[in-house]
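>>> Got a predicted structure here, sequence first:
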Amino acid sequence: MKAKALIWGLLISLAGCAGVSGPALPPRAQVLADLDKANTHWQQQHPPAETPFWNVAAYHTGNLEAYRVTGNAAYRRYSEAWAEHNNWSGATSPDKQAWKYNYGETPEHVLFGDWQTCFQVYADLHQLQPEPRKIARAREVMEYQMSTPNTDYWWWVDGLYMGMPVMTRLYRETGNRQYLDKLYAYYSHTNAVMFDAEVGLYYRDARYVYPAHRSVNGKKDFWARGDGWAFAALARVLADLPPDDPHRADYVARLQTMAAALLPLQQPDGYWARSLMDPAHAPGPETSGTAFFTFGLLWGINHGVLERDRYLPAALRGWTYLSTVALQADGRVGYVQPIGDRAIPGQVVDRNSTAHFGVGAFLLAAAEMVRLLDRH
């Protein structure tokens, strides 16, 4: 693993020193092999009969992108089995008067975005093979939510990933313009609460806004995975957003702003630290945020909204870390910070630290790297 990382790092450095048109790219076959190693290992270790909650659903968002670039039917069947196990639903309460959207893991927390992440997966499976039942519960929930005047459904930055792609995917599947209108209303509320325009990044939620909250060294504390959720959400939204959407330029500009902010914060070994502006707050590599950032950079390059010459070296350094340090010999994706809401000083994150969402983020990055190589 270390030798492989050194080789790719040397190739990238040599390409830059030689003044050639761009850094060395990984072989397509190797990227696909790394993708399959990680995904096959995960699926062999985790039967699909699991909860529809966000942490598992986030894995499936990456699994379906892996399916799209490989055509491996086993990947698709795995997500279909998971969806069937959950009856194509999130939280299950039938009583709309009891529905909530504060944090909660009960059947009544139907409007809480962590129970809605699954809807984007169901919508993608519906796109592949349309059957109304696949998105019936998603439509019931989201159409009720959109009927309310509330705009604060995404009160934590993770909610952007959990909810934004749901809206564009259900618009794609139904043609109901309200999904796009409410998307922008909810997104605007999140921006007003936790986006730092000076830096160009998001705080995790209102509790972590500077200066009321600071890192251990007194700096602004931007949590890598939180900003990773936001960055990846923008890419996934833009993938489905109509070209003539009146707010498309706003989403593109935010992706560009975040990319520019992230570029100088990448660590020399290719990862982004858990506290982006204060690496000493919680030192060492972390995979989930790095994978989301790598995916977002690659998506932006692939779709012409990020300058290839400026951003590709960072994306390649991110991929080198993911494929040679995070990915273990047995297929485990390591160095994933456990479920949480901030960078925690002293928390152990090592090669054995893995999680559904970390693997999903790795798969998003791998799939987008394959697409980059296909465009090259």
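Received the coordinates, thanks. Numbering: from 1, shown residues only.

>>> Run through the strands of the protein in chain order.
Counting by DSSP state E, one finds strands in the chain at the ranges 195-196, 201-202.

>>> The last one: how far from the chain's middle?
To tie it back to what came earlier, the one meant is strand 201-202. Taking the mean of its C-alpha atoms, strand 201-202 sits 15 Å from the chain's own mean (C-alpha atoms, centre = their mean, to the nearest Å).

>>> Can you give the contact residues for that strand?
The contact list for strand 201-202 (C-beta atoms under 8 Å, 6 or more residues apart in numbering) reads 157, 160, 190, 194-196, 222, 226-227, 230, 258, 261-262, 276. For the C-beta atoms, the positions are set from N, CA and C on the backbone; glycine is no exception.

>>> Direction included, what does it pair against?
Applying DSSP bridges, strand 201-202 is found paired with strand 195-196 (antiparallel).

>>> Tell me which residues are up against the partner strand.
Identification of contacts with strand 195-196 by C-beta under 8 Å, 6+ apart yields L201, Y202, Y203, V209, Y210, K220, F222.

>>> are any of those residues buried, and which?
Among the contacts of strand 195-196, the ones that count as buried by 16 or more other C-beta atoms under 10 Å are L201, Y202, Y203, V209, Y210, K220, F222.

>>> Make CSV from those and add distance to G300 and pLDDT to it.
Below are those laid out as CSV (distance: C-beta to C-beta, whole Å; pLDDT from 0 to 100):
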residue, distance to G300, pLDDT
L201, 16, 99
Y202, 17, 99
Y203, 22, 98
V209, 27, 98
Y210, 27, 98
K220, 24, 98
F222, 19, 98
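
>>> Just put the residues you listed in TSV and tack on distance to V252.
As requested, the buried ones among the contacts of strand 195-196 are arranged in TSV below (distance: C-beta to C-beta, whole Å):
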residue	distance to V252
L201	17
Y202	17
Y203	22
V209	25
Y210	26
K220	25
F222	21
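
>>> Just the closest of these to V348, please.
V348 has its nearest neighbour among these in F222, at 21.5 Å by C-beta to C-beta.

>>> Might you report the residue contacts of the closest residue to Q145 other than its chain neighbours?
Spatial nearest neighbour of Q145, excluding adjacent residues (C-beta to C-beta, 6 or more residues apart in numbering): L111 at 5.5 Å. Neighbour list for L111: W99, K100, Y101, V141, Y144, Q145, Y153 [criterion: C-beta under 8 Å, 6+ apart].

>>> re earlier: figure out which of the strands of the chain is closest to L327.
strand 201-202 (26.7 Å).

>>> Just the closest of the contacts of L111 to D181, please.
Each of these was scored against D181 by C-beta to C-beta, and Q145 proved nearest at 12.8 Å.

>>> quick one: pLDDT of that closest one?
Note for Q145: predicted pLDDT of 98.

>>> That one reaches T151, doesn't it?
No: with contact defined as C-beta atoms under 8 Å, Q145 does not reach T151; the gap is 10.6 Å.

>>> When those two are compared, which one has more neighbours?
Comparing Q145 with T151 by other C-beta atoms under 10 Å, the one with more neighbours is Q145, at 21 against 15.

>>> Tell me who's in contact with that one.
Residues near Q145 by C-beta under 8 Å, 6+ apart: L111, Y153, K182.

>>> Mind checking which of the residues you listed are in helices?
K182 (DSSP state H).

>>> Out of the contacts of Q145, the closest to T320 would be?
Out of the contacts of Q145, the member with the shortest distance to T320 (by C-beta to C-beta) is Y153, at 37.3 Å.

>>> how about the helices in the stretch 1-150 of the chain?
2-18, 28-45, 54-70, 73-85, 117-128, 132-147 (DSSP state H, counting those that start in this stretch).

>>> so which of these gets nearest A282?
Shortest distance between A282 and the helices of the stretch 1-150 of the chain, using C-beta to C-beta, is found for helix 54-70: 20.2 Å.

>>> Between helix 28-45 and that closest one, find me the angle.
Using axes from the mean of the first three to the mean of the last three C-alpha atoms, to 10 degrees, the inter-axis angle of helix 54-70 relative to helix 28-45 is 140 degrees.

>>> Dump the contacts of Q145 to a markdown table, plus distance to A38.
Converted to a markdown table, those look like this (distance: C-beta to C-beta, whole Å):
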| residue | distance to A38 |
| --- | --- |
| L111 | 33 |
| Y153 | 32 |
| K182 | 35 |
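
>>> OK, contacts around the closest residue to R332 other than its chain neighbours?
Closest residue to R332 apart from its sequence neighbours, by C-beta to C-beta, 6+ apart: T354 at 5.5 Å. Neighbouring residues of T354 by C-beta under 8 Å, 6+ apart: R332, V333, G334, V336.

>>> Can you give me the buried ones in stretch 173-190?
Buried, per 16+ other C-beta under 10 Å, within stretch 173-190: 173-174, 176, 179-184, 186-187, 189-190.

>>> Quick check: which ranges of the stretch 101-250 of the chain have low pLDDT?
Across the stretch 101-250 of the chain, nothing is flagged by pLDDT under 70.

>>> list the helices and strands the helix ranked longest in the chain packs on?
Counting by DSSP H, the longest helix found in the chain is helix 356-375. Where contact means 3 or more C-beta pairs under 8 Å, 6 or more residues apart in numbering; DSSP states H and E, helix 356-375 is packed against helix 28-45, helix 54-70, helix 224-240, helix 287-302, helix 308-321.
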